[in-house]
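> Turn this into a model:
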Amino acid sequence: QVQLEESGGGLVQPGASLRLSCVARGWDVSTYAMAWFRQAPGKEREFVASFGRGPQDIFYRESVKGRFTISRPDVKNTVVLQMNDLKTEDTADYFCYADRAKTAWALQRGPYSGSWGQGTYVTVSS
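Reported below is the predicted structural model:
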């Protein structure tokens, strides 16, 4: 299993921005599809965004399109989620995910048998 470490969560007001980072410790994930998921209190974990082979291989859930941007500044070990214009409904624990077998498109649906990080919590509140 790939070891993934997220950072960047915190408490912000509505309309603010946050940048989440995920680093694969000791692994080269350049051939993996990477994704971000989130889980709000009392709800199931849900897909947020995924990044596969390149800029054309990126997918977002509908509610974050135009506000969130996923990128891989270092394709070997880093994936970033830039979140702008945050809303209270974005409050959740955000998880990084790496999958060697599935494509970025396929990560929009389970099942999931890859590697998960521990999560970083984002609170959007006034």
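> now the strands for the chain?
Using DSSP state E, the strands of the chain run over residues 3-7, 10-12, 18-25, 33-39, 46-51, 58-60, 68-71, 78-83, 92-99, 115-116, 120-124.
> Out of those, which is closest to residue 105?
strand 58-60 (6.0 Å; CB to CB). The C-beta positions use only the backbone N, C-alpha and C, and glycine is treated the same way.
> The closest one packs against which elements?
strand 46-51, strand 68-71 (3 or more CB pairs under 8 Å, 6 or more residues apart in numbering; DSSP states H and E).
> repeat that for 7 Å
The helices and strands touching strand 58-60, judged by 3 or more CB pairs under 7 Å, 6 or more residues apart in numbering; DSSP states H and E, are strand 46-51.
> Tell me the buried residues in the strand it packs on?
Under the neighbour-count criterion of 16 or more other CB atoms under 10 Å, strand 46-51 has 47, 48, 49, 50, 51 buried.
> what are the pairing partners of it, and which direction each?
Its sheet considered, strand 46-51 pairs with strand 33-39 (antiparallel), strand 58-60 (antiparallel) by DSSP bridges.
> returning to that earlier point: out of the buried residues of strand 46-51, flag the one nearest to residue 118.
Of these, the one sitting nearest to residue 118 (CB to CB) turns out to be residue 48, at 16.3 Å.
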